[in-house]
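Chemist: Provided below for reference: sequence and predicted model.
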Amino acid sequence: MSGSENDVQKREWLKRTLWFEFGTGTGGSLPDDAQQDDDGLRKALAATLRDTIARSAGLPQTAKTDLAKLGGEARKLIDGEDLLAAEIAVETMQDFLDDALQQARLDEAAGSVAKGLVRYRTLWLDWRNAQAAARADLESLANNVINDPDMQVSPLYDDVIAVAGNLGTLLPPFEPAFETLLQDLSEAGDMEQAEKLRAEALSLLGNCDALLQKAGQLERMQQFADAEYGSFDSFRRLRSALDGLRKELGG
């Protein structure tokens with residue numbers, strides 16, 4: 001095959017694989033009878049190379065460095081005689097960029113999941129801590145009532161002791177499944193699983209909310225503590241925790 005025939009074959013192959021008009025950088029394909037010289041091919045490849053580098057702006061630095069290295073090799077080939085090798089080098093760059101962009105999207109999604117899981121673990125701990133703090137508040141309130149001199153001289157002191165001893169039972173019987181579900185959320189393997197568990201958690205949160213709304217004795221005890229002692233927040237802690245959970249879970 002003569003050199004002229006080889007050049008024509010190269011141009012036809014390049015024309016089929018490059019989806020833009022050589023020398024313009026615009027989309028589309030060349031008409032069959034279009035003739036391009038080597039300079040036009042070089043301009044087209046150089047334009048593709050520049051576009052590929054420009055699209056790498058959001059990639060991690062290591063990927064941009066590797067792409068720039070491929071670009072340097074492609075640039076040398078574009079300036080050389082073997083335009084077929086140059087076109088292959090530019091295609092290699094494009095493939096590398098596509099893979100790097102896909103990996104960057106996957107890494108970003110994984111980062112979002114990780115952040116979400118940290119947040120869900122915090123919610124789980126917040127709920128556990130709110131229940132423990134509410135229980136501790138009730139126990140402290142009971143001790144204060146029992147040791148209050150004004151209460152001790154009251155003819156109703158024996159009744160007060162009996163009531164104070166049962167303050168811990170005023171906490172609503174929240175479902176352990178809710179706490180378990182929040183823990184499962186903090187360990188979810190992917191966003192799809194996390195979304196499913198989040199919806200279930202919102203449903204169980206509604207049950208906990210309903211229990212607290214019916215806990216009239218606990219709310220009245222909160223009012224009593226506010227009036228007599230002013231430093232116990234059992235009911236408010238639980239109310240605040242559930243409100244915070246609902247906001248964070250998106251309900």
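Modeler: Thanks, I have it.
Chemist: hey, where'd the helices end up in the stretch 101-250 of the chain?
Modeler: Per DSSP state H, counting those that start in this stretch, the stretch 101-250 of the chain carries helices over the ranges 149-152, 157-165, 176-186, 191-213, 216-228, 234-249.
Chemist: Among those, show the one with the smallest mean pLDDT.
Modeler: Comparing mean pLDDT across the helices of the stretch 101-250 of the chain, the weakest is helix 157-165, with a mean of 72.
Chemist: returning to what we had before: for Thr92, which of the helices of the stretch 101-250 of the chain is the nearest?
Modeler: Nearest to Thr92 among those is helix 191-213; the distance by C-beta to C-beta comes to 32.5 Å. Where C-beta positions appear, they are placed from N, C-alpha and C, glycine not excepted.
Chemist: ok now do the closest residue to Ser240 other than its chain neighbours, which residues does it touch?
Modeler: Closest residue to Ser240 apart from its sequence neighbours, by C-beta to C-beta, 6 or more residues apart in numbering: Ala130 at 7.4 Å. Contacts for Ala130 (C-beta atoms under 8 Å, 6 or more residues apart in numbering) come out as Arg237, Leu238, Ser240, Ala241.
Chemist: So Ala130 versus Glu73, what's the distance?
Modeler: Distance, Ala130 to Glu73, by C-beta to C-beta, to the nearest Å: 60 Å.
Chemist: How about Glu200?
Modeler: Distance of Glu200 to Glu73, given as C-beta to C-beta: 53 Å.
Chemist: do the same with Leu249
Modeler: Using C-beta to C-beta, Leu249 is found at 51 Å from Glu73.
Chemist: now swap in Gly165 and tell me
Modeler: 82 Å.
Chemist: Then Leu84?
Modeler: Distance, Leu84 to Glu73, by C-beta to C-beta: 15 Å.
Chemist: try Pro176
Modeler: Distance of Pro176 to Glu73, computed by C-beta to C-beta: 62 Å.
Chemist: Could you check which of these two is surrounded by more residues?
Modeler: Under the neighbour definition other C-beta atoms under 10 Å, Pro176 and Glu73 were set side by side, and Glu73 has more, 14 against 8.
Chemist: Now do the same contact list for the more buried one.
Modeler: Applying C-beta under 8 Å, 6+ apart, the residues near Glu73 are Ala89.
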